[in-house]
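> pasting the structure only:
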């Protein structure tokens, strides 16, 4: 674990290529039920389109972490992975405290942090101006946190999000470049139906 | 905390039966921001080893939580005060666009005999705002209507995928006297 004091003391590095680093960090996505929020929807969709262990949000900014928590509590037999962005997480910082309070062993959150609101024209977010989301996650009470900003750190993070000792949080700092372009499924009810049916085929 | 004790005593007549009813309908996730109007239900969920009691930092978190629970095949309820309903409005997009079932029990302030001016703005806005976001509302004024109303609401929510706000009015809960 990189302690917040250390990671906050060094200048952040936004250099990794998100289109390489994120798939590498996630690895075998079949290991997870994945909830993708704003800031990562296109690349996760490109990676997982058509898979039934995958739910993508097309709006409701700030929902991803709490959806992951509800799902993790409902399905303790599965490991839930939330993939969110710095802009979305900044809108729902309190959810980190709720995740810490319940501390489900089967929930991991990966925040893809490019320091910008890519969707609206690359205005800077707070994370490229001093805010450290790993420090906030740790300060919220999530005990297993890590920042990844170099390629060599990815294998450790990939292992961390698969462990089942309590909720975990990985801040993946990447360069402020576009993710792969992909048309996200915006048909919410059909996505819900498929996801539920795959989990509980008899219902 | 005499006012809190008084509120809890008023609820004790029906809250235990209401909790049992919701558990019998398969609700396992109870989420809330601490609130005097729902104090007894919150205590019951915290003491229940077979249910999840989830303390939120703000009410809209509960909407996302319960959508996630639904993805996993679980049922839940958001317990909120009327002022917390205002925090929920944009997140109700998730319910409407995602087709999620959603049940919210609202303890009303700024409603009937309210003595704190600050409570009226959101209290009076609860019904028009949640209706504008596609929710049905059901008001409960009398103790004998609590169980039948929540039962009807659960049918609409879990049977048909609608979203319903049940409003426990200050006629039911009582208004604090200045």
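Happy to help now that I have it. Owing to the predicted nature of the structure, the values given are computational and were not obtained by experimental measurement.

> Just give me the neighbour total for residue B:121.
12 (other CB atoms under 10 Å in any protein chain shown). For the C-beta atoms, the positions are set from N, CA and C on the backbone; glycine is no exception.

> How much space separates it from residue B:46?
In this view, residue B:121 and residue B:46 are 31 Å apart by CB to CB, to the nearest Å.

> Please apply the same query to residue A:43.
With CB to CB as the criterion, residue A:43 and residue B:46 are 40 Å apart.

> For residue 113, which non-adjacent residue is spatially closest?
I went with chain A, as the question did not name one. Spatial nearest neighbour of residue A:113, excluding adjacent residues (CB to CB, 6 or more residues apart in numbering or on different chains): residue A:86 at 4.2 Å.

> wrong one, I was asking about chain B
Residue B:113 sits nearest to residue B:175 (CB to CB, 6+ apart), 3.6 Å away.

> how about the one you found, secondary structure?
Put simply, residue B:175 is coil when judged by DSSP: H, G, I helix; E, B strand; the rest coil.

> Next up, the contacts around it.
Applying CB atoms under 8 Å, 6 or more residues apart in numbering or on different chains to residue B:175 gives the contacts B:111-115.

> which residues touch the residue nearest to the spatial centre of chain A?
Geometric centre of chain A, nearest residue: residue A:83, 2.3 Å, by CA atoms, centre = their mean. Counting by CB under 8 Å, 6+ apart, residue A:83 touches A:22, A:26, A:34-37, A:40, A:44, A:64, A:110, A:112.

> what do you get for residue A:45?
Applying CB under 8 Å, 6+ apart to residue A:45 gives the contacts A:36, A:56, A:182-185.

> still on that earlier bit, now render the contacts of residue B:175 as CSV, adding neighbour count, pLDDT and secondary structure.
Listed next are the contacts of residue B:175 as CSV, based on neighbours: other CB atoms under 10 Å in any protein chain shown; pLDDT from 0 to 100; DSSP: H, G, I helix; E, B strand; the rest coil:
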residue, neighbour count, pLDDT, secondary structure
B:111, 23, 93, coil
B:112, 15, 93, coil
B:113, 11, 92, coil
B:114, 18, 93, coil
B:115, 9, 91, coil
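
> Strands along the chain, start to end?
All of this refers to chain A. Assigned by DSSP state E, chain A shows strands spanning A:33-36, A:54-56, A:80-85, A:107-113, A:116-117, A:123-124, A:144-148, A:168-173.

> Oops, wrong one, chain B.
B:27-32, B:52-55, B:75-81, B:102-107, B:136-140, B:163-168.

> Which one of those lies nearest to chain A?
Nearest to chain A among the strands of chain B is strand B:52-55 (5.0 Å), distances taken as CB to the nearest CB.

> and the closest one, does that touch chain A?
Yes - using CB under 8 Å from any CB of the partner chain, we find that strand B:52-55 touches chain A at B:52, B:54-55.

> Just among those residues, which is most surrounded?
Among the residues of strand B:52-55 next to chain A, residue B:54 has the most neighbours (other CB under 10 Å), with 24 neighbours.

> still on that earlier bit, in terms of neighbours, single out the busier of residue A:43 and residue B:46.
Taking neighbours as other CB under 10 Å, residue A:43 and residue B:46 compare with residue A:43 leading, 22 against 12.

> Relative to the whole chain's centre, how far out is stretch B:109-127?
Put simply, stretch B:109-127 sits 16 Å off its chain's centre (CA atoms, centre = their mean, to the nearest Å).

> in the sheet, who's paired with the residue positioned nearest the centre of chain B?
Taking CA atoms, centre = their mean, the centroid of chain B lies closest to residue B:105, which sits 1.7 Å from it. Assessed by DSSP bridges, residue B:105 has beta-bridge partners residue B:79, residue B:166.

> quick one: it and residue B:82 touch, right?
No - look at residue B:105 against residue B:82 with CB atoms under 8 Å: they stay out of range, at 11.2 Å.

> Pick the one among the contacts of residue A:83 closest to residue A:95.
Closest approach to residue A:95 among the contacts of residue A:83 (CB to CB): residue A:64, at 8.6 Å.

> quick one, what contacts that closest one?
Neighbouring residues of residue A:64 by CB under 8 Å, 6+ apart: A:35-38, A:57, A:82-84, A:88, A:92, B:64.

> try it again with 7 Å
Counting by CB atoms under 7 Å, 6 or more residues apart in numbering or on different chains, residue A:64 touches A:35, A:37, A:57, A:82, A:84, A:88.

> neighbours around residue 174, how many?
No chain was given, so I picked chain A. 24.

> Let me rephrase: I mean chain B.
Other residues close to residue B:174 by other CB under 10 Å number 17.

> Low-confidence ranges, the chain, go.
Since no chain was named, I'll use chain A. Applying pLDDT under 70 to chain A picks out residues A:1-9, A:201-203.

> To clarify, I was referring to chain B.
Looking at chain B by pLDDT under 70, you get B:1-11, B:178.

> Next, work out how far apart residue A:79 and residue A:100 are.
In terms of CB to CB, residue A:79 sits 18 Å off from residue A:100.

> swap that for residue A:57, please
22 Å.

> hang on, isn't residue B:12 packed against residue B:40?
Yes - counting by CB atoms under 7 Å, residue B:40 is a contact partner of residue B:12 at 6.1 Å.

> Tell me which of those two has more neighbours.
residue B:40 (21 against 11).

> how near is that one to residue B:30?
For residue B:40, the distance to residue B:30 - CB to CB - is 12 Å.

> so can I have TSV of the contacts of residue B:175 showing distance to residue A:191?
Compiled in TSV, the contacts of residue B:175 are given as follows (distance: CB to CB, whole Å):
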residue	distance to residue A:191
B:111	38
B:112	42
B:113	45
B:114	42
B:115	47
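
> quick one, phi/psi of the nearest residue to residue A:74 once chain neighbours are set aside?
Spatial nearest neighbour of residue A:74, chain neighbours left out: residue B:72 (2.9 Å); criterion: CB to CB, 6+ apart. Dihedral pair for residue B:72: phi -90, psi 10, per degrees, to the nearest 10.
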